Structure formats: C-alpha cells, structure tokens
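Visitor: fold the following for me, if possible:
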Amino acid sequence: MYIDREPGEGKSQGRASSFSGGRLEVEYYRIIGCGMSEVCVIVVHHKGRRLLERCLRSLMASRGVTVEVIVVENACEEELPEVTDTAPIIHTLRLNSAVGFSAANNLGMQEARRLVLRPEYYLFLNNDAAVEPDTLSRLVTAANASPGCGVVGPRLMIWGAEEHLNSLGLNVTRHGEAWDEGIGVSLEDYGPLPQQREVLAVTGAALMIRAELCDQLEGWCALYEYYFEDIDLCLRARSAGWKVLNVPQALAWHAISATAERDSDFKLLLTWRNRLLLLLILWPWRLLLQIGPRLAWSEFRVLASRLRCRAFDDARLQARAWLGALRCSVQALRLRRRNGKQKEWTRFLRPAGTVPVIRLPELPPEAVEASEIL
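Guide: Model prediction:
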C-alpha cells in the first residue's frame, strides 16, 4: 500500500504483476477511506543495492494492507536506491556503526515509534527477499483468523531457482540443530504443499508478528547478533502463550545468503555459538538435564573427528564457538527470567541428529550477479 501524505488526499494502493523472480512492474491507483490492517515493514540493509530495490518495489506493490517501510542502513557504504527518496512510505534510519541483525531490528522498531506509526503488525524482511502483491494481506488474514496466533511466515522460494523451496517454517531438534523445512527441495519432489499449519518457528528472512506481542517481548534478543534470533523470538512468543503459523499460500522469494556468503567462518562461528545460547536461554531445565550428557559427548566427538581429519580451521572455529557461548552464559542465564511459563512447544522438537542432508540448487549467472556476491 503506497501512502500519499498530502493532507486530505486519502491513500493510494499499489498494483503489480506477479513477481515470480522476474521484472516487477508497479502502478498506483487512488482509493479513499480504506480500513485495512497496518503493517510496518523493517528491512535491515548493509549491502546489495539492487537486491534492496527489488525488495522495496515489491513492498510498494502490496495490496489489501497499508504499509510503511523503515530501511535500517546498518553501516551501509553504498548509495540507497532512488526509490528511498521518492516513495513517501519509505523511511530510512542510518547507523554509522554496524550492529547485529537483532539490534538493528529493534532500532527500526524504535524509529517506528518515533515516527508515531501505530501498526497492527511488524514484518521483518531481509533486504534480499521480495514479496508478491498479496503476500502481506494473506499473512494478516491468516493471523486474524486464527485465535491466539502471534507470529506468521510465508512460503519462501529460492530466487533464481523458482521451483525450489527455501522455507516452510523452521525445524529444531532437542539438541538445538535447526534447518528450514523443505530447503533446496523442488516442488515436484516435495509433493503436495501443506495447508496453513502451526510450526515451531518461522525464518527471520520474512517474519510477521503482532506489534503488541513484539512490544511485550521487548523485541529481538540482541545477544545472538545474527542467526538463531528468529527461533528465539518465536519460542518466546510460544512461551507467552501465542501460536506460530506458516502460510504456504503467502509467497515470498529469497536470494539465499546473498549478503553473507554460505558457510563463511563468520556464519559458522555464530551459528555454532548461538545454538548453545538458544539451549541455555530457552530450554526447560528438565530437558537440559536430559540431553546434557549426550550433547556434551556429541560435541567432543565432532571436535575429535575434525582433529583426526586435520580440519584444524573448523576445529578452531568450534572451540571459539564454545568460548563465545561461555562468555555469554551469565547474560544468557539472566535472560531466562523473562521467559513465559508455556512449554508445550517442546513437543515440536525433533530427535537429535535428524537434520537432513541439504543440497541447494545451482543458481543461474543472472541470479548470482543480482545478489552482488563478488
């Protein structure tokens, strides 16, 4: 929904052809006095100008909801797309020093309050993601129609490999191992898509949450910096008595790891560390006592295997992850106090060691170029 700020002019709604990974055409038409749900979209941006423009133009074409967008420039050294200056619905917040994804999202929420925006929902959307014109309205409709639903996420497809899934929600094991449901699998191989369903968590690449709930939870947990913060947010919502839904009929596109290269040391280090922090912050004590001995044995066995195979770089990263979790352990234990009492979400946890082998499709050259990975 494109909002015209001229006094007395009403609002303008965007219309667009289906995105489907291709060129997005946007046009606007005037409507008067709509009573649609308000969504504040927060997009954290560090690099990837063309990706950001694609993301923003897809949001401007949204219909069925009113939209305001806050772009958090997270120590961005490149010029923003021209649309950030010309579209009244797009606001920018510049950060001169880089902060983590969670902290940047929280600052985006603070900016929304400063601008006196009063959304019913926040949508946290990666700058390398794009939505269809009806994605936001489908998510809002699903949340409003499901009593107790606090968080919803769309079906994410891989941009550049449009017939392959990116996420139908997040799976997590009892040991904290996590992966996207369906990631890398073609629609043909996956079979019939599930209907709207309750899931343990949804990915932070496209996560919609009730604004009142997000405020109640005090936003994202900045301790994680990057990775696993979406699971933390969803589990805290569940612990407070809310449901999390995946809505496959709502569609979004994602350039996987376009702005943080796959399997980089940075990603591996934070992923391994944050998995341990997630357990320490959110797992019930009884469950931690049950899995503790086996988890410790598994971690040391993996480290020994890496040393035997002379994979010293990975072994060092694993040790650094342990030390990083240890340094954050006091703060993590303090964060346990804010958790709600509902722990029924533990029934969604998968058995340890059940993470599937994930094979991502090869991307065409134009998709790699668009992701601006050099």
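
Visitor: when you work out contacts or count neighbours from here on, use the C-alpha atoms and nothing else.
Guide: OK.

Visitor: all strands of the stretch 1-150 of the chain, in order?
Guide: In the stretch 1-150 of the chain, the strands defined using DSSP state E, counting those that start in this stretch lie at 11-16, 26-31, 38-45, 66-74, 90-95, 121-125, 129-131, 149-158.

Visitor: where does V247 land in three-state SS?
Guide: Classification of V247 using DSSP: H, G, I helix; E, B strand; the rest coil returns strand.

Visitor: what's the distance between L136 and G204?
Guide: The gap separating L136 from G204 is 15 Å, by CA to CA, to the nearest Å.

Visitor: oh, I was asking about I89
Guide: Counting by CA to CA, the gap from I89 to G204 is 22 Å.

Visitor: also I281?
Guide: Distance from I281 to G204, counting by CA to CA: 18 Å.

Visitor: just L277 next, same as before
Guide: Going from L277 to G204 by CA to CA gives 17 Å.

Visitor: tell me where the protein has helices.
Guide: 49-60, 83-86, 101-114, 135-145, 187-190, 211-216, 229-239, 265-282, 285-308, 312-327, 329-335, 365-370 (DSSP state H).

Visitor: the strands of the stretch 1-150 of the chain into JSON lines, with extra columns for mean neighbour count?
Guide: Rendered in JSON lines, the data for those read as follows (neighbours: other CA atoms under 10 Å):
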{"stretch": "strand 11-16", "mean neighbour count": "21"}
{"stretch": "strand 26-31", "mean neighbour count": "13"}
{"stretch": "strand 38-45", "mean neighbour count": "26"}
{"stretch": "strand 66-74", "mean neighbour count": "24"}
{"stretch": "strand 90-95", "mean neighbour count": "16"}
{"stretch": "strand 121-125", "mean neighbour count": "25"}
{"stretch": "strand 129-131", "mean neighbour count": "28"}
{"stretch": "strand 149-158", "mean neighbour count": "28"}
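
Visitor: reformat those strands as CSV; add distance to R113 and mean pLDDT.
Guide: Supplementary listing: the strands of the stretch 1-150 of the chain in CSV, determined by distance: least, CA to CA, whole Å; pLDDT from 0 to 100:
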stretch, distance to R113, mean pLDDT
strand 11-16, 21, 36
strand 26-31, 26, 36
strand 38-45, 11, 97
strand 66-74, 11, 97
strand 90-95, 12, 96
strand 121-125, 12, 98
strand 129-131, 24, 97
strand 149-158, 20, 98
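
Visitor: just send those strands back as TSV, with distance to L269 too.
Guide: Compiled in TSV, the strands of the stretch 1-150 of the chain are given as follows (distance: least, CA to CA, whole Å):
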stretch	distance to L269
strand 11-16	40
strand 26-31	41
strand 38-45	21
strand 66-74	21
strand 90-95	24
strand 121-125	23
strand 129-131	24
strand 149-158	24
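
Visitor: re the thing from before, who has more neighbours out of L277 and G204?
Guide: L277 (26 against 22; other CA atoms under 10 Å).

Visitor: quick check, pLDDT for the more buried one.
Guide: pLDDT for L277: 97.
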